[in-house]
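> Using only what follows, build the 3D model:
(2 chains)
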Amino acid sequence: MTAVYRWEIQKLLAQKRTYLGLGAAMLVPLIFVIVLQFQSGGPNDVPLGRYIRDTGLAVPFVALFFMSFWAFPLITSLVAGDVVASESHNGTLKTILTRSRERGEVFAGKVLAALTYTVVVVVAMATVGLVAGGLAWGFNPLTSLSGTKVSTGHGLALLAASVAVYFLPLAGIAAFALMLSTVTRNSAASVVGSLMWALLMQLISVLPGIEGIRPYLLATQFEAWHGFLRVPADWAPVVRAAWVCSLYTALPLAVAYLVFLRRDVTED
Amino acid sequence: MSDAPPVAARGLIKRYGKILAVDDVDLTVEAGDVFGYLGPNGAGKTTSLRMMLGLIRPTEGSVRLFGRDPVADGVKALDGVAGFVEAPLFYPYLSGRRNMRLLADYDGGESRARIDDLLELVELRDRAHDKVAGYSHGMRQRLGIAASLLRNPRLLLLDEPTTGLDPAGMRDMRALVRRLADEGITVLLSSHLLGEVEELCNRVAIIRKGKIVYEGSLRELLATAAAEYRLRSNEPERARMICLAQSGIEKVRVDDGEVRFQADEEAVSALSIALGQAHIGMTLLAPETASLEDLFLGLTEDDAPQEEVA
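Numbering: from 1, shown residues only, chains lettered A, B, ... in the order given. From the prediction side, this is the model:
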């Protein structure tokens, strides 16, 4: 298993699109900080937006908010949507499936690699945002969503926890992209399709009269980290994100797994 | 288990919608064979090989490799088996060597130590650090062989290994296959090139439109169809009468002033004596050997229902 996973990572490291997504994830907070350095206004109506010039700690949180709409779904599906389709495209599936690894193992390696990439891009974004913001405005205590001050050290812990819970809905998008990648065998279709899926989820979440189902939509889970920034912490959205996202992740992965296990490997 | 033949396909069928790509194929490759799987393009050779390698599932029937079933046993059925279908393909963005390392690791990693030797064997060592994207077709074909040999196979399945190679490349590839066979590896080689099969293989199966129309030794195939003799003489009509009267002479007919018949060598020599005794002068008495090509075309191009050969 570890050898398959390691090589999946090696494959990602050897492909341009990996760096395209990673580079974009790191550039967004950087550009954000630079623009705010030259402008007087700020993102006052987003969570923590009005404190953005108080402390660099606020920057990654604000970027998490902005990038949940399409940037992270796109970056995630850019890799997850390609990870099986590119093997079909290159015709290499037949090459690796005639060695000594079962299909399930190969599939698991791909899923883990795609999820690893998702973690890496979010962590990279948060790190770049934190450092750039800190250099611009210092590492001062953070004002929580409840209005109370949070020490820098505690703020960093909250950032780590927020990044972790933010990963959950992205895993759902990655799983959807992986499913499309396996079923369509087409990278572009998978990337576009899973971005559409993410946008559709957001569209549904702003429709009127759906208050009852809104907590269970994928888009809503991108806000679960707000719970950590309340004093005392509100665990309800975090717990809900955990189980809701595990469903959004498990179902497409199960479909993809079954298709991958049974598919006829041909060059068409 | 050890007695099980390297390849045993029984009643193998693959249907794509209404298209019957492989239609009830029975095939046995014995240990030590260099087995030619011969047929025109699109006859079902590659589809058969895909089923053998477990890449696609048979619609019906089964394949056993050394007694193991790729459908039920997964990649465990490929223990000691290596090969490729269509052109061998690699990660274009990785070097030849890195592709080999990857595949060695997919096999468990023990074969990593042999990568350099194998790259040397297929004459790719100088280019091993270049990305496969820049390899020619022939180089990829050779890398495919090296990647297969990484598995230390007892059975090698090769799908048209010389297709797309230049004449020197074809010669080298055939020499390599011959060498591997001499080392004791059983080889199943698909081809649409008769010369190649004639040169390399001891046994053949000929497939046409998904059906096996002949399976057996190459020599027997040539012998079965080689039996027509031509007899030219100064008295064709009397010669024909003698042929008809002679035992062991069959299917006598006259064509363009020559008598033609089928017989074994013994009957032919008896006939020549009989003709001499009847004072008939012969100017020609010779077997007309059908070439493998004639046989192949006869077996694969005839649109009439196929008859059993041999």
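
> give me the element residue A:20 is part of.
Residue A:20 is part of helix A:16-38 when elements are defined by DSSP states H and E.

> Show me what the mean pLDDT comes to for whatever helix or strand comes next after that helix.
Towards the C-terminus, the helix or strand next in line after helix A:16-38, according to DSSP H and E, is helix A:58-67. Mean pLDDT, computed over helix A:58-67, is 95.

> Then stretch B:128-147?
For stretch B:128-147, mean pLDDT is 95.

> can you tell if that stretch touches chain A?
Yes - between stretch B:128-147 and chain A, judged by Cβ under 8 Å from any Cβ of the partner chain, the touching residues are residue B:147. For the C-beta atoms, the positions are set from N, CA and C on the backbone; glycine is no exception.

> So what touches that stretch?
Counting contacts by Cβ atoms under 8 Å, 6 or more residues apart in numbering or on different chains, the residues outside stretch B:128-147 that touch it are A:95, B:82, B:84, B:87-97, B:99-100, B:103, B:118-119, B:121-124, B:127, B:158, B:161-162, B:164-166, B:169, B:173, B:176.

> what residue ranges in the chain score low on pLDDT?
As the question left the chain open, I've gone with chain A. Counting by pLDDT under 70, chain A has low-confidence residues at A:268.

> was after chain B, sorry
Applying pLDDT under 70 to chain B picks out residues B:1-2, B:224-227, B:289-291, B:302-310.

> spatially speaking, which residue is in the middle of it?
residue B:36 (1.4 Å; Cα atoms, centre = their mean).

> And that residue, how far from chain A?
When distance is defined by Cβ to the nearest Cβ, to the nearest Å, residue B:36 is 21 Å away from chain A.

> for that residue, helix, strand, or coil?
Three-state assignment for residue B:36 (DSSP: H, G, I helix; E, B strand; the rest coil): strand.

> Near chain B, which residues of the stretch 51-200 of chain A? Just list them.
A:90-92, A:94-103.

> Recalculate using a threshold of 10 Å.
The stretch 51-200 of chain A comes close to chain B at residues A:86-87, A:89-106, A:109, as judged by Cβ under 10 Å from any Cβ of the partner chain.

> what are the ranges of the strands in chain B?
For chain B, applying DSSP state E gives strands covering B:7-16, B:19-29, B:34-38, B:60-64, B:81-84, B:155-159, B:186-191, B:203-208, B:211-217, B:228-233, B:250-255, B:258-262, B:282-288.

> Need those in JSON lines (columns: distance to residue B:75).
Supplementary listing: these in JSON lines, determined by distance: least, Cβ to Cβ, whole Å:
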{"stretch": "strand B:7-16", "distance to residue B:75": "16"}
{"stretch": "strand B:19-29", "distance to residue B:75": "20"}
{"stretch": "strand B:34-38", "distance to residue B:75": "22"}
{"stretch": "strand B:60-64", "distance to residue B:75": "14"}
{"stretch": "strand B:81-84", "distance to residue B:75": "10"}
{"stretch": "strand B:155-159", "distance to residue B:75": "14"}
{"stretch": "strand B:186-191", "distance to residue B:75": "18"}
{"stretch": "strand B:203-208", "distance to residue B:75": "25"}
{"stretch": "strand B:211-217", "distance to residue B:75": "27"}
{"stretch": "strand B:228-233", "distance to residue B:75": "50"}
{"stretch": "strand B:250-255", "distance to residue B:75": "53"}
{"stretch": "strand B:258-262", "distance to residue B:75": "50"}
{"stretch": "strand B:282-288", "distance to residue B:75": "50"}
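
> Tell me which of these is the most buried.
Taking mean count of other Cβ atoms under 10 Å in any protein chain shown as the contact definition, the stretch among the strands of chain B with the greatest mean neighbour count is strand B:34-38, which reaches a mean of 27.

> Can you get me the centre-to-centre distance for that strand and its chain?
Computed by Cα atoms, centre = their mean, to the nearest Å, the chain-centroid distance of strand B:34-38 equals 2 Å.

> report the angle between the axes of it and strand B:7-16?
Compare the direction of strand B:34-38 with that of strand B:7-16 by axes from the mean of the first three to the mean of the last three Cα atoms, to 10 degrees and you get 20 degrees.

> can you dump the C-alpha coordinates of strand B:34-38 into CSV?
The C-alpha coordinates for strand B:34-38 follow below in CSV (Å, rounded to 0.1, in the frame of the first residue of the first chain):
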residue,chain,number,x,y,z
VAL,B,34,6.5,-20.1,-28.6
PHE,B,35,2.9,-19.8,-29.5
GLY,B,36,1.8,-17.6,-32.4
TYR,B,37,-1.6,-16.1,-32.2
LEU,B,38,-2.2,-15.2,-35.7
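
> Quick check: chain neighbours aside, which residue is closest to residue B:211?
Ranked by Cβ to Cβ, 6 or more residues apart in numbering or on different chains and with sequence neighbours excluded, the top spatial neighbour of residue B:211 is residue B:23, at 4.9 Å.

> residue contacts, the residue in the stretch 151-300 of chain B that chain A sits nearest to?
Of the stretch 151-300 of chain B, the residue with the smallest distance to chain A, taken as Cβ to the nearest Cβ, is residue B:151 at 7.4 Å. The neighbourhood of residue B:151, defined by Cβ atoms under 10 Å, 6 or more residues apart in numbering or on different chains, consists of A:98-100, B:78-83, B:103-104, B:106-108, B:111.

> Grab the two from those that are most spread out in space.
Considering Cβ to Cβ, no two members of the contacts of residue B:151 lie farther apart than B:83 and B:108, which are separated by 18.2 Å.

> Which parts of chain A are helices?
Under the criterion DSSP state H, helices of chain A are mapped to A:2-13, A:16-38, A:58-67, A:71-80, A:85-90, A:93-97, A:103-137, A:152-184, A:187-205, A:236-262.

> mind listing what's buried in the second one?
When burial is assessed from 16 or more other Cβ atoms under 10 Å in any protein chain shown, helix A:16-38 yields the following buried residues: A:17-18, A:21-22, A:24-26, A:28-30, A:32-33, A:36.

> what do you get for the last one?
The neighbour-count criterion (16+ other Cβ under 10 Å) identifies A:237-238, A:240-241, A:244-245, A:248-249, A:252-253, A:255-257, A:260 as the buried residues of helix A:236-262.

> need the contact list for the residue nearest to the centre of chain B.
Applying Cβ under 10 Å, 6+ apart, we find residue B:36 in contact with B:187-191, B:193-194, B:196-206, B:218.

> got it, and residue B:84?
Residues near residue B:84 by Cβ under 10 Å, 6+ apart: A:94-95, A:98, B:49, B:53, B:140-141, B:144-145, B:147-148, B:156-161.

> Would you check how far apart it and residue B:70 are?
15 Å (Cβ to Cβ, to the nearest Å).

> what do you get for residue B:253?
To residue B:70, residue B:253 is 50 Å away according to Cβ to Cβ.

> cool, and residue A:189?
From residue A:189 over to residue B:70 the distance is 30 Å, taken as Cβ to Cβ.

> Which one of those two is surrounded by more residues?
More crowded of residue A:189 and residue B:70, by other Cβ atoms under 10 Å in any protein chain shown: residue B:70, with 25 against 15.

> was I right about that one contacting residue A:265?
No - shown here, residue B:70 and residue A:265 do not form a contact pair, counting by Cβ atoms under 10 Å, at 11.8 Å.

> What's the local residue count around the closest residue to residue B:292 other than its chain neighbours?
Nearest residue to residue B:292 in three dimensions, chain neighbours excluded: residue B:194, at 4.9 Å (Cβ to Cβ, 6+ apart). For residue B:194, the count of nearby residues is 18 (other Cβ under 10 Å).
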